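**Student:** Just need the structure, nothing else, for what follows:
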Amino acid sequence: MGGMDVCRIRASGQRVVRTPAQAKGGDEPVCVIALQVEGSGCVSQNGRLAVLKPGDVTLFSNSRPYELRFEGAFEQRVFILPQSVVVGSIGDMDTAVALGLGGMHPGSRLLRAFGDALADASGLPEGQAVQLRAGMLETLSAVVASAVGQSPKRIPALKRYHLARIHAFIRDNLADPDLDVERIAAAMKMAPQHVHRLFEDEARTVSSTIWHLRLTACCRDLALPALGHLGVADIACRWGFSDPAHFSRRFRQAFGASPRDWRMAALAAVEVVQPLSRKGRRSDNSSR
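**Tutor:** Here you go, the predicted structure:
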């Protein structure tokens, strides 16, 4: 409806994981807007955690690994639409995913109203559905901007296009320790100064974006039991860090713990959660 999938999800408790391999699997990049109706849960992506109660809203992307946890029965209204459409309204997805948009915020109440209208209007003409979607995205832009302390801005289409290309190139080349503005500019056939100008209104500079994504990737990999055979330095090297001591300092600055302590705590939490799947709760769901 209106160029997006409109879903009502009702289920028992479950753990949903989208792995790095799935995130890089070539699926069309989409954004998922989730409105919590009943029960509680949490959404984890980009090193951020949103805890959801009835009335709360968050969003996440299939182009990054994520984890959803619901300890009991729950219901959500979910809206899935092309990521390019959402980026046109809110800008950088990395600053918006897994934000907990509280149900008491006036904008969150408006989002629920738009969501209810879209979910309950099965015979709505396509033109009206598109208008509702546009209103929903405008409201989402304002709520996200409020949550991150920014003013909502309309991004010109050409700039949006170049930023999307650059972000995709950065994600695809994070493991290269030589990734920098000059390398990006050469690949995009731009001057380095142009790349810097494109990021002037972004939440992070080009270099900060690279560091943030590398640290987030390491954070994610350190929490994966399947990579337990790799040392901390090996995981850092996988994502472009050539100096283990430098990586450890940057990781502690970003997450408030050493990589080793973070890993121990994350793996201990997985050991607690895993028994849930033996009771019939799903451990993987690539359709979300």
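
**Student:** Test my guess that Val144 contacts Ala96.
**Tutor:** Yes - with contact defined as Cβ atoms under 8 Å, Val144 reaches Ala96; the gap is 4.8 Å. The C-beta positions use only the backbone N, C-alpha and C, and glycine is treated the same way.

**Student:** quick one, which of these two is more surrounded?
**Tutor:** Using other Cβ atoms under 10 Å, the more surrounded residue of Val144 and Ala96 is Ala96, with 28 against 25.

**Student:** so what pLDDT did that one get?
**Tutor:** We have a pLDDT of 84 for Ala96.

**Student:** Surely it touches Val87?
**Tutor:** No - at 9.2 Å, Ala96 does not count as touching Val87 under the criterion of Cβ under 8 Å.

**Student:** thinking again about what came up before, name the residues contacting each of Val144 and Ala96.
**Tutor:** Common contact partners of Val144 and Ala96 (Cβ atoms under 8 Å, 6 or more residues apart in numbering): Ile90.

**Student:** in what helix or strand does Val78 lie?
**Tutor:** Using DSSP states H and E, Val78 sits in strand 74-82.

**Student:** Can I get the following helix or strand past that strand in CSV? Just the C-alpha atoms.
**Tutor:** Counting by DSSP H and E, the next helix or strand C-terminal to strand 74-82 is helix 83-90. C-alpha atoms of helix 83-90 as CSV (Å, rounded to 0.1, in the frame of the first residue of the first chain):
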residue,chain,number,x,y,z
GLN,A,83,15.6,2.7,2.3
SER,A,84,16.2,5.4,-0.4
VAL,A,85,12.7,6.8,0.3
VAL,A,86,13.3,7.0,4.0
VAL,A,87,16.8,8.6,3.5
GLY,A,88,15.1,11.3,1.5
SER,A,89,13.1,12.3,4.6
ILE,A,90,15.5,11.7,7.5
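
**Student:** which other helices and strands contact helix 83-90?
**Tutor:** In this structure, helix 83-90 packs against strand 30-38, helix 126-148, helix 157-172, with contacts taken as 3 or more Cβ pairs under 8 Å, 6 or more residues apart in numbering; DSSP states H and E.

**Student:** winner for burial among these?
**Tutor:** Neighbour counts (mean count of other Cβ atoms under 10 Å) averaged over each of the helices and strands packed on helix 83-90 peak at strand 30-38, with a mean of 21.

**Student:** All the helices of the stretch 101-250 of the chain, residue numbers only.
**Tutor:** For the stretch 101-250 of the chain, applying DSSP state H, counting those that start in this stretch gives helices covering 106-120, 126-148, 157-172, 181-188, 192-198, 206-222, 232-238, 244-255.

**Student:** Out of these, flag the one nearest Glu28.
**Tutor:** Glu28 lies closest, by Cβ to Cβ, to one member of those: helix 157-172, at 12.9 Å.

**Student:** could you give the angle of that closest one to helix 83-90?
**Tutor:** In terms of direction (axes from the mean of the first three to the mean of the last three Cα atoms, to 10 degrees), helix 157-172 departs from helix 83-90 by 120 degrees.

**Student:** quick one on the thing from earlier: next, format the helices and strands packed on helix 83-90 as TSV and append distance to Ser242 and mean pLDDT.
**Tutor:** Output for those, formatted as TSV (distance: least, Cβ to Cβ, whole Å; pLDDT from 0 to 100):
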stretch	distance to Ser242	mean pLDDT
strand 30-38	34	91
helix 126-148	32	75
helix 157-172	18	82
